[in-house]
Each structure stands twice: as structure tokens, then as C-alpha cells.
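Chemist: With the input below, show me the fold.
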Amino acid sequence: MWNECVTGLFAGRLKKRIAKGEVVALVRSDGLGLEHLATTVNVSDEGMRLVTEQIWNPGDVILLSSPRTGQRMQARVVYCERLQDNRFAVGLKLSTPLGLEQAKKLH
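Modeler: Purely as a prediction, here's the structure:
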């Protein structure tokens, strides 16, 4: 499973991103497994980048929730990049795009 984590970032992004540093909870959409905490790095209207200690596989469908606002949404893992200290950067594509104003309010 560890070797399924992709190294590298996707370049050429065109969407505006909002820097965030809030805690969110992730759980696999099939309901199997535990809830995992992650910290947002940036948020756009169509996705976000998170840092977590849990490895995720590209294509995994997850449920994302903000403990602070109670907002819940479904997303798909686009990439998982190994970082230092057994942490991973995870790129998510939201199933339902947020408006930029809603992305600002996510946290």
C-alpha cells in the first residue's frame, strides 16, 4: 500500500486557491475504517490539498467534514504525495464544486 502513494505535484493549475490551515475529518465513503484528521493547505472551488498521516490511494472516494462548520461533502483522491515525518499531501477533487465564496467559508 505504501508504494501506491504517488510522488510529485501536478503543475499548471489555473483555479484560484485560498490558503487554509484548518482541521478536517476524512473517512472512506464505504464506511469501513476510522475517521482520520487532516489539515487543509489550500482550497479552491473544485478541490483542496490536505496534509495527513494517513495514506490514501488515487481514486479513493472519501467523505470530508469540517468539525467547525459541520459541512460535509464527498471527494475523490487525485494524488497522494509522501512528505517528511510519515505525513502525506493529498489532493482532492470535490464531487460537487464549491463557489469561491463557499470555499472561503468552508472553515
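Chemist: tell me which element residue 84 falls in.
Modeler: Here residue 84 sits in a region with no helix or strand, counting by DSSP states H and E.
Chemist: same thing with residue 51?
Modeler: strand 47-52.
Chemist: Output the contacting helices and strands for that strand.
Modeler: strand 23-28, strand 36-43, strand 72-82, strand 88-94 (3 or more CB pairs under 8 Å, 6 or more residues apart in numbering; DSSP states H and E). Backbone N, C-alpha and C define where each C-beta goes, glycine included.
Chemist: I'd like the distance between residue 25 and residue 84.
Modeler: The gap separating residue 25 from residue 84 is 23 Å, by CB to CB, to the nearest Å.
Chemist: Comparing these two, which shows the higher neighbour count?
Modeler: residue 25 (15 against 5; other CB atoms under 10 Å).
Chemist: OK, contacts around the more buried one?
Modeler: Neighbouring residues of residue 25 by CB atoms under 8 Å, 6 or more residues apart in numbering: 35-38, 64-67.
Chemist: By mean pLDDT, which helix or strand of this protein comes out lowest?
Modeler: Taking mean pLDDT, DSSP states H and E as the measure, the helix or strand of the chain with the lowest value is helix 100-105, at a mean of 52.
Chemist: Give me the contact list for the host helix or strand of residue 63.
Modeler: Element membership for residue 63, per DSSP H and E: strand 61-65. Identification of contacts with strand 61-65 by CB under 8 Å, 6+ apart yields 24-30, 56, 71-77, 92.
Chemist: Which members of these are the farthest-apart pair?
Modeler: 30 and 71 (21.0 Å; CB to CB).
Chemist: who's more crowded, the two?
Modeler: Using other CB under 10 Å, the more surrounded residue of residue 30 and residue 71 is residue 71, with 15 against 10.
Chemist: All good on my end, thank you.
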